[in-house]
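Undergrad: structural data only, the sequence is not supplied:
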Ligand code: MEV
């Protein structure tokens with residue numbers, strides 16, 4: 001028997017870092033997905049291949065993992081952890097197709113985890129509701145990474161535009177129109193754990209300075225929710241730029257990210273900011289009517305591509 005599931009990657013629009021302090025965040029699922037095919041075999045080993053990343057792994061019956069390839073093999077841990085939580089008797093072949101760049105803060109590991117768990121659930125002839133699935137996928141991320149907010153796995157599971165309330169409640173928001181964005185990323189990835197720890201350190205040193213920044217981020221996210229629903233391009237652009245300034249104030253900006261942010265604005269973006277933890281990784285640019293121009297400009301310097309909202313969360317194929 002064979003099962004195939006796919007799940008979208010995500011970008012954070014507003015609220016990264018503040019979300020660690022129980023402030024709200026807004027994220028959206030994007031039209032780039034991880035597709036995971038799981039097939040039962042007669043043997044007792046689990047063969048995992050991710051051809052897009054040049055990564056392969058074999059999980060033996062005793063739980064020992066051997067890997068090969070030139071890519072980032074750490075991604076295999078999400079799959080083996082998913083198999084540990086939802087075991088299927090006998091051997092398996094797991095093949096992952098990835099349209100989401102890895103290490104760009106676009107939730108590739110969450111998308112792979114959510115799709116793998118969904119395909120395994122199907123092979124086990126079980127079903128999981130989306131809340132239970134998101135929580136299981138979050139558990140996988142926690143076990144592999146040590147720390148993770150529930151945002152990536154929630155967005156990958158539910159799809160669409162997600163408002164994560166400060167206390168962790170996930171709300172799907174309706175968006176009246178499209179939300180065309182450009183993502184640009186540097187090959188250097190910031191270390192999320194270190195960046196989160198850096199913000200904590202500065203907050204410990206200067207609580208009366210940093211707390212109002214986090215509160216301002218909360219206000220930005222709340223106001224952005226309204227602007228998105230009203231399709232107010234001007235306000236949305238302003239809020240993205242304000243959020244960028246606040247992230248810079250928290251100390252997670254870099255000269256490369258800053259350069260891309262201003263390059264996008266000079267090419268006509270209404271707003272642009274870091275997306276994710278910063279310290280490297282990606283920026284997003286919002287350029288209604290000027291997406292191609294901004295894309296071209298960013299591509300002269302870095303990897304860049306357009307993304308749109310995906311209403312489709314995780315889904316079984318076939
Ligand atoms: C990283 O993508 C987003 C952060 O807010 C950390 C987290 O939410 O786990 C920086």
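TA: Sure thing, it's come through. If you're wondering where the values come from, they're calculated on a predicted model, not measured in any experiment.
Undergrad: list phi and psi for the residue of the stretch 1-150 of the chain at minimum distance from the ligand.
TA: Across the stretch 1-150 of the chain, the shortest distance to the ligand (Cβ to the nearest ligand atom) belongs to residue 149, at 3.2 Å. In this view, the C-beta of every residue, glycine as well, is placed from N, C-alpha and C. Backbone geometry at residue 149, expressed as degrees, to the nearest 10, gives phi -80, psi 160.
Undergrad: repeat that for residue 206.
TA: Residue torsions, per degrees, to the nearest 10, at residue 206 are phi -130, psi 60.
Undergrad: with residue 5 as the reference, measure out to it.
TA: According to Cβ to Cβ, to the nearest Å, residue 206 stands 46 Å off from residue 5.
Undergrad: the two: which is more packed in?
TA: Higher neighbour count among residue 206 and residue 5: residue 5, with 24 against 11, using other Cβ atoms under 10 Å.
Undergrad: correct me if wrong, but that one is in a helix.
TA: No - according to DSSP: H, G, I helix; E, B strand; the rest coil, residue 5 belongs to no helix; its state is strand.
Undergrad: can you list the strands that the helix or strand of the chain with the lowest mean pLDDT pairs with?
TA: Least confident helix or strand of the chain, by mean pLDDT, DSSP states H and E, is strand 65-69 with a mean of 90. Strand 65-69 sits in its sheet next to strand 55-59 (antiparallel), going by DSSP bridges.
Undergrad: if you average the pLDDT over the strand it pairs with, what comes out?
TA: In this model, strand 55-59 carries a mean pLDDT of 94.
Undergrad: so residue 195, which of the three states?
TA: When classified by three-state DSSP, residue 195 comes out as helix.
Undergrad: and it, what does it touch?
TA: By Cβ atoms under 8 Å, 6 or more residues apart in numbering, residue 195 lies in contact with 17, 252, 277-279.
Undergrad: now the residues you listed as a markdown table including pLDDT, distance to the ligand and secondary structure?
TA: Output for those, formatted as a markdown table (pLDDT from 0 to 100; distance: Cβ to the nearest ligand atom, whole Å; DSSP: H, G, I helix; E, B strand; the rest coil):
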| residue | pLDDT | distance to the ligand | secondary structure |
| --- | --- | --- | --- |
| 17 | 95 | 5 | coil |
| 252 | 97 | 8 | coil |
| 277 | 92 | 4 | coil |
| 278 | 94 | 7 | coil |
| 279 | 94 | 9 | coil |
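Undergrad: and which of the residues you listed is nearest to residue 220?
TA: Comparing these against residue 220 with Cβ to Cβ places residue 17 closest, at 12.0 Å.
Undergrad: contact partners for the closest one?
TA: The contact partners of residue 17, by Cβ under 8 Å, 6+ apart, come to 195-196, 199, 214, 217, 247, 250, 252, 277-278.
Undergrad: what's the answer for residue 42, then?
TA: Contacts for residue 42 (Cβ under 8 Å, 6+ apart) come out as 90-91.
Undergrad: and the nearest residue to residue 178 once chain neighbours are set aside, what does it touch?
TA: Of all residues beyond its chain neighbours, the one nearest residue 178 is residue 308 (6.1 Å), with distances taken as Cβ to Cβ, 6 or more residues apart in numbering. Contacts for residue 308 (Cβ under 8 Å, 6+ apart) come out as 30-31, 178-181.
Undergrad: tell me which element residue 143 is part of?
TA: helix 130-145 (DSSP states H and E).
Undergrad: what does residue 94 give?
TA: Mapping residue 94 onto the secondary structure by DSSP H and E places it in strand 91-98.
Undergrad: walk me through which strands that strand pairs with, and which way each runs.
TA: strand 25-41 (antiparallel), strand 46-50 (parallel).
Undergrad: so which bits of the longest one are buried?
TA: Of the residues in strand 25-41, 25-30, 32-39 count as buried by neighbour count, 16 or more other Cβ atoms under 10 Å.
Undergrad: next, count neighbours for the closest residue to residue 190 other than its chain neighbours.
TA: What sits nearest to residue 190 in space, not counting adjacent residues and going by Cβ to Cβ, 6+ apart, is residue 279, at 2.4 Å. The burial count assigned to residue 279 is 21, neighbours taken as other Cβ under 10 Å.
Undergrad: so what's residue 279 up against?
TA: Contacts for residue 279 were tallied using Cβ under 8 Å, 6+ apart; they are 189-191, 194-195, 252, 254.
Undergrad: no further questions, thank you.
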